[in-house]
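Engineer: Got a sequence here, can you model it:
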Amino acid sequence: MSQSNTVQRKNREFSDFGEVTDVVNILKSQFANRKLYVKYMVSKTEISIQEYLEDGTIMVVTDQDIEHEGNIIIFGLSDKYLEVDLEIIDEKAPGYFHCRIKSARKAVSGRRDLRFKLEPDEVSATNFRVSKHTIDISSYNIPTSIKVVLDQFQSNSSKWSDLFKVDVFSTESKDYILNMMRKTGKSLFISDISSRESYKSKTDDFINMFDVLGEELDNYIKKNVERGYKSIVAVPIIYITETANSVPFGYIKAISKSQNFDMDKVLELKDQSFKLVDRIRDANTHFIPVHQQIVDISRGGAKLKITDENLKKYLSRTKGFIFDVVFKLQAPITIYGEVKSTFLDEEKSLYVGVDFEGNSSRKDEMKRFYSILKPMEVDYKSRLMKSMKDRKNKS
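Structural biologist: Here you go, the predicted structure:
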């Protein structure tokens, strides 16, 4: 039995054991009736401790076809996740080893929620939405496909005002107003260029030009009057990521030489920015409506088995994705999953471990998710306790 090619995206925090006796004690006390497994195996491979010897070494039994290079790592879950590094001293028979405990570590925090296995017909994952590109916030390096959307939007909206511009923020810009918009996500509204009163912020959603320009305000007014400007509105383009983070990465700026904008015009331009973001999202998203198996699930995460070749290609490199969880006889629930780990089995199926980090895109979806999961948790706990009791009675 060969080992899997596992990629751990999200590392656990561990505390190490100082003494071998501490490791032996926790194995004896917490794993007498709990299963232990061999790490990095293609399929889940159980291992059991047959005997604790007086010198601190142990005798273990596992799959007789297991491949090793003189060392194996075993793991299990009690109140917290535990890993133990074993050195194989002697192979008494296929799968029967005399081992020395080299080191061990225990997760600092326990698993947040009970995770349990599912039958293939109980629940599935579908309607995967995976971003083609990640917007680089630090450098504002926007993919060409998104720049095309911005250019098309500017061209189609050019009649909105006398001067109309759509552009991306630059970290190297010396424009104080645009830099303030980039940092705060606030809008700019100057209803009357020639009136100093117009440069005060109407609400906290707008930039106060007195604060930004200070003593340079009069020069700013003079230059704009000389250019024939009557009114200016500028709103940030705020992209909401799958994890619900707001990223102001660009702006729409409208300048009028013929009329004074009012608040209705500001709201109209903001609405245009929302529509632009929808277009960007559509252009930047792969939508793959296939159904895939959810192997196990909890309130905080799940393990997905991906067999679709197209989906495997995208999920193997993404940081996270949106998908629908479909319980039997229930409407789909939309969830964002942050990729925690991935591995391929011998049949080249991709297993993806995800944490449910973001909020659902639909109102009260997570509340409905928990209400469906709760009776399943109760049933699983009941079966688990019965199984442990039966094992204890047999031993």
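Engineer: thinking residue 380 is in contact with residue 115, fair?
Structural biologist: No - using Cβ atoms under 8 Å, residue 380 makes no contact with residue 115, being 9.3 Å away. For every residue, glycine as well, the C-beta is placed using N, CA and C.
Engineer: Neighbour count for the two, which is higher?
Structural biologist: Using other Cβ atoms under 10 Å as the criterion, residue 380 and residue 115 rank with residue 115 on top: 19 against 16.
Engineer: pLDDT weak spots in this structure?
Structural biologist: Regions of the chain meeting the criterion pLDDT under 70 cover residues 1-13, 42-43, 79, 108-114, 134-141, 240-245, 357-364, 388, 391-395.
Engineer: in the protein, which helix has the most residues?
Structural biologist: Longest helix in the chain by number of residues, with DSSP state H as the criterion: helix 365-394.
Engineer: So which bits of it are buried?
Structural biologist: Going by neighbour count (16 or more other Cβ atoms under 10 Å), the buried part of helix 365-394 is 365, 366, 368, 369, 373, 376, 377, 380.
Engineer: Any chance of TSV for the residues you listed, columns distance to residue 327?
Structural biologist: Listed next are the buried residues of helix 365-394 as TSV, based on distance: Cβ to Cβ, whole Å:
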residue	distance to residue 327
365	12
366	14
368	10
369	9
373	9
376	9
377	13
380	14
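Engineer: what's the farthest-apart pair in those?
Structural biologist: 365 and 380 (22.2 Å; Cβ to Cβ).
Engineer: helices or strands next to the longest helix of the chain in the packing?
Structural biologist: strand 116-117, strand 333-344 (3 or more Cβ pairs under 8 Å, 6 or more residues apart in numbering; DSSP states H and E).
Engineer: Measure how it sits relative to strand 333-344, angle-wise.
Structural biologist: Angle of helix 365-394 versus strand 333-344, following axes from the mean of the first three to the mean of the last three Cα atoms, to 10 degrees, is 50 degrees.
Engineer: tell me the strands in the stretch 1-150 of the chain, going along the chain?
Structural biologist: Secondary structure of the stretch 1-150 of the chain (DSSP state E, counting those that start in this stretch): strands at 5-8, 14-16, 36-38, 45-52, 58-62, 71-77, 81-93, 96-107, 116-117, 123-131.
Engineer: who touches the last one?
Structural biologist: Defining contact as Cβ atoms under 8 Å, 6 or more residues apart in numbering, one finds that strand 123-131 is touched by 242, 284-294, 297, 302, 304, 311, 314-315, 318, 321-328, 332, 334.
Engineer: Of these, which belong to helices?
Structural biologist: Taking DSSP H, the ones among the contacts of strand 123-131 that sit in helices are 311, 314, 315.
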